[in-house]
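*Asks:* next come a sequence and a model predicted from it.
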There are 2 protein chains.
Amino acid sequence: MGRSVAGETGAAAGRRGTRAVSMADVARLAGVSRQTVSRVVNNQACVVEETRKRVEDAMDELGFYPSFAGRSLRGGKYGCIGLCMFDITRAGNVATLDGIVSAAHDCGYAVTLVEFDEGGPVRLRDVARRLAELPVDGMIFNTNRAVEDFDEFKPVPGLPTIIISMKEHPRCTTIDSDQYGCSRMVVDYLRERGHAHIRHLAGPEGSITADFRLRGWADALDVAGLERLEPLRGDWTADSGYELGVKLAQDKDMTALYVGNDQMAMGAMTALRTHGRRVPEDVSVVGVDDSLQGVVPHNTLTTVRFDLRERGKRTFDHFFAQMSGEERVEAVRLPGAIVERATVAARP
Amino acid sequence: MGRSVAGETGAAAGRRGTRAVSMADVARLAGVSRQTVSRVVNNQACVVEETRKRVEDAMDELGFYPSFAGRSLRGGKYGCIGLCMFDITRAGNVATLDGIVSAAHDCGYAVTLVEFDEGGPVRLRDVARRLAELPVDGMIFNTNRAVEDFDEFKPVPGLPTIIISMKEHPRCTTIDSDQYGCSRMVVDYLRERGHAHIRHLAGPEGSITADFRLRGWADALDVAGLERLEPLRGDWTADSGYELGVKLAQDKDMTALYVGNDQMAMGAMTALRTHGRRVPEDVSVVGVDDSLQGVVPHNTLTTVRFDLRERGKRTFDHFFAQMSGEERVEAVRLPGAIVERATVAARP
DNA sequence: ATGCCGTATGTTAACGTGCTCATTGTAGTT
DNA sequence: AACTACAATGAGCACGTTAACATACGGCAT
């Protein structure tokens, strides 16, 4: 219980049974002290060229790599950052992961990835516990799924913690693409083009992203004093978009449709056209994510693009700032940008 | 040079400047020896209930987490596996990553991810060097891109190494989806349905996957003694598929088109239809990857599906076997399966 | 009472590295 | 010759954990 299976493989100590080559071994072969080897490894001055050469040859001969354990035991830090994602395969997450990994790489950090998709309810506390026993200097959580103990969660002391989430947290800096603001932006964009009957096809209940996108749309309509019909809810797939698009085709007042992601938008658009509504002449359609580029030929969907790689980079930057002593807790929301293609028309 | 920036942050030793809570601290507070704390942490017997309770309370009060460094310094292993991917965002890679992470999790391992997309040519040696200095018990490389020193690469002694690659390696076990076999399978599938003029729209030059898929197609035609016209080469995007599809529409002999991925197939199909060739009545189309499901409404493309998550799981399994002493070097190729939809018709 | 056994706990040493301080060696200055 | 200045190297310790060994204690058979 609690102990890792890896830990129990036991018998084989070190690298496959044999103790790994240590500095002492190199020192012995090169005929110098361990300290001199250490200096060579860390590229310090004050080592005469001839000695350095001898040490380097010895290292090559023995296949020496400095032990991370020894090094970090001394130094107290690992140069690794723990990242917990709840579903890597979810569309946006890969790009974010990529951004984090590459920003981390630039600062000499590696990223240790942990997934947490145990059927039951998720508690940040459990995830943090698991991560804290790994060689990490801090943690990043990506919680685009509801977690049980979000608000009362306390980060592990000494381990800077950043949460990728639209929900704000009392103790940790949160960062996310502005899933709320993008909807207000789209509604304003459509209003400026004369649309007053703007409907919404949202993502599934239980998705925080879907909820914030929906809320942004609703608030924007309310603020503008426009009529707000009940939004429909799909499951992010193109087919669900098609299905609901068939229903929406009945609504002859609707002049614009804002869809919670591009795949459903694709489906809805197909349904609208199949049922005699022209896009964009009769109905303008806007999606979010810009995920169809390259996937579909002649992609014409007007949509909102987030720079998710940038989101990852920024996330790491905040982590790094905290590592460097920054104490501030903020809620960073990164704006998207509308990509104008050909599915929006202005009303007379 | 060579040293990590993380290492140079220096000043802050341990967890945010303050030395983390150690077993000694817990022992002092609980009024026991460090060894007893260790026993409690590792759930060993021979600790009387009352003592255990006192230690656990002390741990909670101080917020103690065992130090990974100290632990692995003693034990010699980390419970982490190093993974190098050259482009996480490439379609198949996420699912593979997911499979590896989840299989690793089940065995108590975490995955430390490193990306390597420095503009220049890649050498496995450099990647291995970087990974070997991290807290890992072994490594996995995902080399779907050409590397300079593939054949002469020697794994770090004591660190089991698996390569995800279609190319076989003299010293390491390789594993990959059977990018060659899938093409032979498709050609046979089309031949059985009476097709004799089967053309191929391949991925870009320089892509190993594209090369193997192309080679499988070519060999299958040669073996069957069928005419083999020059394949066209796209860049994986739907638009390039469309563009080349326009050219292919001129070829009135062609009765079947095998496309290197689904997105290009999507484009090619659209082009064929736009230029008066019915699919599947005039031309049958087959893709690879099954990547359009959920993305496009009413997906009807017949394609080859690989279980990429399974590929990840199998990869980890091989790593784990080597960790447990298995020495065999193999080349594992995981077959795909044809997903029959509606873009293939039998010829009379 | 003596000796033995088993259980609970403490003590010691070792893992590999890198910092601090000490020592040696060399050259230049007085 | 005696001194300082500096470069190159070595010795020792500390980091946190745990395996192996050592000790203390109570119960039981002799």
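*Replies:* Looks like it arrived, so ask away.
*Asks:* every contact and neighbour count from this point should use C-alpha atoms.
*Replies:* Will do.
*Asks:* A:L201 touches A:E230, doesn't it?
*Replies:* No - A:L201 is not in contact with A:E230 according to C-alpha atoms under 8 Å; the separation is 9.4 Å.
*Asks:* neighbour count winner among these two?
*Replies:* Between A:L201 and A:E230, counted using other C-alpha atoms under 10 Å in any protein chain shown, A:L201 has the larger neighbour count: 26 against 10.
*Asks:* quickly find the element holding the more buried one.
*Replies:* Under the criterion of DSSP states H and E, A:L201 resides in strand A:198-202.
*Asks:* mind listing what's buried in that strand?
*Replies:* By neighbour count, and taking 16 or more other C-alpha atoms under 10 Å in any protein chain shown as the criterion, the buried residues in strand A:198-202 are A:198-202.
*Asks:* what's the answer for stretch A:42-52, then?
*Replies:* Neighbour-count burial for stretch A:42-52 [16+ other C-alpha under 10 Å]: A:51-52.
*Asks:* could you pull up the mean pLDDT of it?
*Replies:* When pLDDT is averaged over stretch A:42-52, the result is 86.
*Asks:* that stretch and DNA strand D in contact?
*Replies:* Yes - under the criterion of C-alpha under 7 Å from any atom of the strand, DNA strand D is reached by stretch A:42-52 at A:45-48, A:50-52.
*Asks:* show me where chain A has strands.
*Replies:* Ranges of strands in chain A, per DSSP state E, are A:80-85, A:110-115, A:139-142, A:161-164, A:173-177, A:198-202, A:232-233, A:256-259, A:284-286, A:303-305, A:331-334, A:337-339.
*Asks:* so what are the sheet partners of the fifth one and their directions?
*Replies:* Applying DSSP bridges, strand A:173-177 is found paired with strand A:161-164 (parallel), strand A:331-334 (parallel).
*Asks:* again, but for the second one
*Replies:* In the sheet, strand A:110-115 lines up against strand A:80-85 (parallel), strand B:110-115 (antiparallel) (DSSP bridges).
*Asks:* nearest spatial neighbour of the spatially most central residue of chain A, chain-adjacent residues omitted?
*Replies:* Central residue of chain A (C-alpha atoms, centre = their mean): A:T96, 3.7 Å from the mean position. When the adjacent residues along the chain are set aside, A:T96 lies closest to A:G312, with 4.3 Å between them (C-alpha to C-alpha, 6 or more residues apart in numbering or on different chains).
*Asks:* isn't the one you found up against A:N93?
*Replies:* No - using C-alpha under 8 Å, A:G312 is not in contact with A:N93, being 9.1 Å away.
*Asks:* okay, the two: which has more neighbours?
*Replies:* A:G312 (25 against 21).
*Asks:* got any ranges where chain A has weak pLDDT?
*Replies:* Along chain A, the model assigns pLDDT under 70 to residues A:1-19, A:118.
*Asks:* could you list the domains of it?
*Replies:* A:5-66, A:80-177+A:308-334, A:181-306 (automatic domain parsing).
*Asks:* how much space between the residue nearest to A:T96 and DNA strand D?
*Replies:* 31 Å (C-alpha to the nearest atom of the strand, to the nearest Å).
*Asks:* which residues touch that residue?
*Replies:* A:95-101, A:103 (C-alpha atoms under 8 Å, 6 or more residues apart in numbering or on different chains).
*Asks:* before we move on, what about A:D117?
*Replies:* A:D117 is in contact with A:86-87, counting by C-alpha under 8 Å, 6+ apart.
*Asks:* what's the separation between it and A:L131?
*Replies:* Distance, A:D117 to A:L131, by C-alpha to C-alpha, to the nearest Å: 15 Å.
*Asks:* again, but for A:H195
*Replies:* Applying C-alpha to C-alpha to A:H195 and A:L131 gives a distance of 49 Å.
*Asks:* closest residue of the stretch 201-348 of chain A to DNA strand C?
*Replies:* A:S324 (17.6 Å; C-alpha to the nearest atom of the strand).
*Asks:* how about the helices in chain A?
*Replies:* A:5-9, A:23-30, A:34-41, A:49-62, A:68-75, A:91-106, A:124-132, A:181-192, A:208-224, A:238-248, A:262-274, A:308-323 (DSSP state H).
*Asks:* tell me which parts of chain A are close to DNA strand C?
*Replies:* So chain A meets DNA strand C at A:19-24, A:34-35, A:38, A:41-42, A:65-71, A:73-75 (C-alpha under 7 Å from any atom of the strand).
*Asks:* report the buried members of the residues you listed.
*Replies:* The neighbour-count test (16+ other C-alpha under 10 Å) marks A:20-23, A:34, A:38, A:41, A:65-70, A:73, A:75 as buried among the residues of chain A next to DNA strand C.
*Asks:* returning to that earlier point: can you add mean neighbour count and distance to A:V285 and give the strands paired with strand A:173-177 back as a markdown table?
*Replies:* Formatted as a markdown table, the strands paired with strand A:173-177 follow (neighbours: other C-alpha atoms under 10 Å in any protein chain shown; distance: least, C-alpha to C-alpha, whole Å):
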| stretch | mean neighbour count | distance to A:V285 |
| --- | --- | --- |
| strand A:161-164 | 25 | 29 |
| strand A:331-334 | 19 | 23 |
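*Asks:* can I get those strands in a markdown table with distance to B:F316?
*Replies:* Converted to a markdown table, those look like this (distance: least, C-alpha to C-alpha, whole Å):
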| stretch | distance to B:F316 |
| --- | --- |
| strand A:161-164 | 28 |
| strand A:331-334 | 36 |
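*Asks:* same list (these) but as CSV, adding distance to DNA strand D.
*Replies:* What follows is the strands paired with strand A:173-177, written out as CSV (distance: least, C-alpha to the nearest atom of the strand, whole Å):
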stretch, distance to DNA strand D
strand A:161-164, 20
strand A:331-334, 33
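*Asks:* between those, which one is nearest to B:D219?
*Replies:* Set against B:D219 and scored by C-alpha to C-alpha, these come closest in strand A:161-164, at 48.9 Å.
*Asks:* got the contact list for the closest residue to A:D307 other than its chain neighbours?
*Replies:* In space, and not counting its chain neighbours, A:D307 is closest to A:G336: 7.2 Å by C-alpha to C-alpha, 6+ apart. Going by C-alpha under 8 Å, 6+ apart, A:G336 touches A:177-178, A:182, A:304-307.
*Asks:* neighbour count and distance to A:G267 added to those residues, as TSV?
*Replies:* Listed next are those as TSV, based on neighbours: other C-alpha atoms under 10 Å in any protein chain shown; distance: C-alpha to C-alpha, whole Å:
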residue	neighbour count	distance to A:G267
A:S177	22	24
A:D178	20	24
A:C182	25	21
A:V304	23	17
A:R305	18	19
A:F306	22	21
A:D307	19	24
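*Asks:* chain B contacts on the stretch 101-250 of chain A?
*Replies:* Within reach of chain B by C-alpha under 8 Å from any C-alpha of the partner chain, the stretch 101-250 of chain A has these residues: A:101-102, A:105, A:107-115, A:132-135, A:137, A:156-160, A:236-239, A:241-242.
*Asks:* show me which of the residues you listed are buried.
*Replies:* Applying 16+ other C-alpha under 10 Å to those flags A:101-102, A:105, A:107-115, A:132, A:134-135, A:137, A:156-160, A:236-239, A:241-242 as buried.
*Asks:* tabulate the strands paired with strand A:110-115 (JSON lines), appending distance to B:V295.
*Replies:* JSON lines is the format used below for the strands paired with strand A:110-115 (distance: least, C-alpha to C-alpha, whole Å):
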{"stretch": "strand A:80-85", "distance to B:V295": "23"}
{"stretch": "strand B:110-115", "distance to B:V295": "27"}
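*Asks:* any chance of the ones you listed in CSV, plus distance to DNA strand D?
*Replies:* Converted to CSV, the strands paired with strand A:110-115 look like this (distance: least, C-alpha to the nearest atom of the strand, whole Å):
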stretch, distance to DNA strand D
strand A:80-85, 17
strand B:110-115, 17
